[in-house]
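[1] the following block contains a protein sequence and its predicted model.
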There are 2 protein chains.
Amino acid sequence: MTGAPTRWGRMLEEAGIRTTSQRLLVLDGLGRHRLPVSAQQIHAELHEQGERVGLTTVYRTLTSLAAAGLVHTFTQAGEIVYRLCGPAKHHHLICRSCGLVIERVEEEAMAGFRAEEVYGTCATCAGTS
Amino acid sequence: MTGAPTRWGRMLEEAGIRTTSQRLLVLDGLGRHRLPVSAQQIHAELHEQGERVGLTTVYRTLTSLAAAGLVHTFTQAGEIVYRLCGPAKHHHLICRSCGLVIERVEEEAMAGFRAEEVYGTCATCAGTS
DNA sequence: CAATGAAACGATAATGGATTTCATTGCTGT
DNA sequence: ACAGCAATGAAATCCATTATCGTTTCATTG
């Protein structure tokens, strides 16, 4: 695990998480998706592509990545889904219809309420283009 | 089930849901809470007060009430919670810290995005009074 | 380069909220 | 009263997630 650290390796290093092949695989799996994905889905995709990573490890990795702030978690249809997020402080607009996630940097305080996650319908799905 | 319909009875009637004693009990249980509550909690409270309503029925009742738009559902810590809501079209601000729910009638479209549920931190909890 | 201890891994079992099943009960309209 | 249908609820089932625990990997030390 020595040598030129890849993009994922650098991320883990900076977050103080030891780099392992399994964690790199999970990050790689995450990185292929723009929309949030579940731990089960990542596990299944890794399995399909011939990689052997335990489901437990996928869950553990995602949890520590979330704790480190590298990924954000949402809840969709009763399951936890994960998404790689940029480092800038931001909140999210999540479309309930298509799953689209928009990262918003601006602070939008509504009546003193600090928004962190906004669920709703995106312009495309609302037909209000 | 004939005679003077109570507040709950009227609500069910208008929603096209047949009035039963169990459904009235569930509505009554809901009505005692300002913050969202889980089906299990309602079931436990009814049981404590000596009422015999099956957990299944509590779930079914809450689901149909939600379908009729009389209650709104949220997700907290992996479980579904329910809250009686006013009839006016509105969206919600939900504080992740204290659970407070604010009903907002105004339309706040952000960049074409129609907000339905906003999770975040309320003014009190943020100390930003 | 072997020994050591800590961290990580992963198969399996356990947990717990939610749903389905199905036999029974109770309305409702004729 | 009666047929038909909706509602009920105990038990079984589902399924995502977490806990357990023996094994493996890795960095460090002698």
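    Ah, there it is.

[2] the biggest helix by length in chain A: what's the following helix or strand?
    Counting by DSSP state H, the longest helix found in chain A is helix A:55-67. Using DSSP states H and E, the next helix or strand after helix A:55-67 towards the C-terminus is strand A:71-76.

[3] hmm, that following strand touching chain B?
    Yes - using CB under 8 Å from any CB of the partner chain, we find that strand A:71-76 touches chain B at A:Thr75. From N, CA and C alone the C-beta is placed, and that goes for glycine too.

[4] same question for the helix or strand harbouring A:Leu27, mean pLDDT?
    Applying DSSP H and E as the criterion places A:Leu27 in helix A:21-31. In this model, helix A:21-31 carries a mean pLDDT of 97.

[5] and DNA strand C, is it touching that?
    Yes - counting by CB under 7 Å from any atom of the strand, DNA strand C has neighbours in helix A:21-31: A:Ser21, A:Gln22, A:Arg23.

[6] buried residues in stretch A:113-129, which are they?
    A:Phe113, A:Arg114, A:Ala115, A:Glu117, A:Val118, A:Tyr119, A:Gly120, A:Thr121, A:Cys122, A:Ala123, A:Cys125 (16 or more other CB atoms under 10 Å in any protein chain shown).

[7] circling back: make a markdown table out of the residues of helix A:21-31 next to DNA strand C and add neighbour count and distance to A:Leu30.
    As requested, the residues of helix A:21-31 next to DNA strand C are exported to a markdown table (neighbours: other CB atoms under 10 Å in any protein chain shown; distance: CB to CB, whole Å):
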| residue | neighbour count | distance to A:Leu30 |
| --- | --- | --- |
| A:Ser21 | 10 | 15 |
| A:Gln22 | 17 | 13 |
| A:Arg23 | 23 | 10 |
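
[8] what is the nearest of those residues to B:Glu103?
    Nearest to B:Glu103 out of the residues of helix A:21-31 next to DNA strand C is A:Arg23 (CB to CB; 42.8 Å).

[9] dump the residue contacts of the nearest residue in space to the closest one that is not next to it in sequence.
    Nearest non-adjacent residue to A:Arg23, counting by CB to CB, 6 or more residues apart in numbering or on different chains: A:Thr61, 5.1 Å away. Applying CB atoms under 8 Å, 6 or more residues apart in numbering or on different chains, we find A:Thr61 in contact with A:Gln22, A:Arg23, A:Val26, A:Leu27.

[10] nearest to DNA strand D, of these?
    The closest of these to DNA strand D turns out to be A:Gln22 (CB to the nearest atom of the strand; 9.3 Å).

[11] can you give me phi and psi for the most far-flung residue of chain A relative to its centre?
    Within chain A, A:Ala111 marks the point farthest from the mean C-alpha position, 29.1 Å out by CA atoms, centre = their mean. Main-chain torsions, A:Ala111, degrees, to the nearest 10: phi 50, psi 50.
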